[in-house]
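1. here is the input, now give the coordinates:
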Amino acid sequence: MYQKLIYSILIIFLTLSCSEKDIELNIPADKEEAFVVYNEAIAAMTDGDYFFASKKFSEAEVIMPKIELSAKASLMSSYCLYIINFHSEAIANLERFIKNYPADKNVAYAHYLIAITLYEQILDERKDINPLIKTKKKIIFFVKNYPNTEYALDLQFKMDLINNQLAAKEMYVAKYYINTQKWIPAINRLKIIVKDYSETIFVEEALHRLVEVYYRTGLTEEATAAAAILGYNYNSSEWYQQSYKVLNKTYKKPKKQKQKENIGLIKKTIKKILN
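-> Modelled structure (predicted):
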């Protein structure tokens, strides 16, 4: 809900240029109704009745006297649907907006709102992967076509989260194959993580699992190679220590030295002495 409040702030500018001042213009009598309906939509949105507001914005779109005002009403209708989590309807409306008003100044925002709507439908790694894939494709499209917009940075951050979830999905499936001793598909899944999601938090575990699977299937050279990659890049990680233990059965984890008591005060005093 807090995130939706942020997006609500972004949409405010869309309503400012179509307010009571528009009604004061010399509008033909048969067009006056458009602004009455539009203002009813704004009032409903202000009261939190977004479903009714969406319907009113859609009505206003059809009868607005200028195409840019019709575009504005169309986008506002989509936004209201997004706010109340009518995801499919919001995306359909936004895609129609992009198709009908391709030259509108808010097309980038429409693409952004589609990406956000897709993003909010993402579930955990054990569920359907399609929302993740659709969201990733949309974000890639947006960053490529609108790299200098204020929305690109937000979507790039979300891309990192999506890649982590995609990697988590691959790891979840890989562990299933390991538990059922289906070694080839397990290796293939782990390789995907190492190749395509090397910047995620799952790459270290993926390398370690490869060491385990290779070693269990007698592929010692491959196991050693995977351990070498893990050691070179993540020498101090817990996963590397576990992999080293797989290849060196006599390995014992070094004991941690007992933390000296009052070390903070001792160091503080030493600093005083040195000064």
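
2. biggest helix in this structure by residues?
-> Using DSSP state H, we find that the single longest helix of the chain is helix 152-179.

3. that one: which residues count as buried?
-> 152, 154-155, 158-159, 162-171, 173-174, 177-178 (16 or more other Cβ atoms under 10 Å). Yep, even glycine has a C-beta here, placed from its N, CA and C like the rest.

4. do you know the pLDDT at Gln259?
-> Note for Gln259: predicted pLDDT of 51.

5. in the stretch 51-200 of the chain, where is pLDDT below threshold?
-> 123-128 (pLDDT under 70).

6. quick one: the strands in it?
-> With DSSP state E, counting those that start in this stretch as the criterion, the stretch 51-200 of the chain has no strands.

7. name the helices or strands packed onto the longest helix of the chain?
-> When contacts are defined as 3 or more Cβ pairs under 8 Å, 6 or more residues apart in numbering; DSSP states H and E, helix 152-179 packs onto helix 107-119, helix 130-145, helix 183-196, helix 203-216.

8. in TSV, list those along with distance to Ala226 and mean neighbour count.
-> Below are the helices and strands packed on helix 152-179 laid out as TSV (distance: least, Cβ to Cβ, whole Å; neighbours: other Cβ atoms under 10 Å):
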stretch	distance to Ala226	mean neighbour count
helix 107-119	33	23
helix 130-145	26	17
helix 183-196	8	18
helix 203-216	4	22
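
9. dump those helices to JSON lines, plus distance to Ser243.
-> Putting the helices and strands packed on helix 152-179 into JSON lines (distance: least, Cβ to Cβ, whole Å) gives the following:
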{"stretch": "helix 107-119", "distance to Ser243": "35"}
{"stretch": "helix 130-145", "distance to Ser243": "29"}
{"stretch": "helix 183-196", "distance to Ser243": "13"}
{"stretch": "helix 203-216", "distance to Ser243": "4"}
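
10. quick check: Asp160 vs Ile139, distance?
-> 10 Å (Cβ to Cβ, to the nearest Å).

11. my error: substitute Ala92 in the last question.
-> Noted for Ala92: a distance of 19 Å to Ile139, by Cβ to Cβ.

12. do Met76 as well
-> Counting by Cβ to Cβ, the gap from Met76 to Ile139 is 24 Å.

13. same thing with Lys55?
-> Separation of Lys55 from Ile139 (Cβ to Cβ) stands at 30 Å.

14. go on, Ile201?
-> 19 Å.

15. which residues touch the spatially most central residue of the chain?
-> Closest residue to the average C-alpha location of the chain: Lys158 at 3.2 Å, with Cα atoms, centre = their mean. Applying Cβ atoms under 8 Å, 6 or more residues apart in numbering, we find Lys158 in contact with 115, 119, 135, 139.

16. now the two most distant members of those.
-> Comparing all pairs in the contacts of Lys158 by Cβ to Cβ, the longest separation belongs to Tyr119 and Ile139, at 7.9 Å.

17. for Glu204, which non-adjacent residue is closest in space?
-> Trp239 (4.3 Å; Cβ to Cβ, 6 or more residues apart in numbering).
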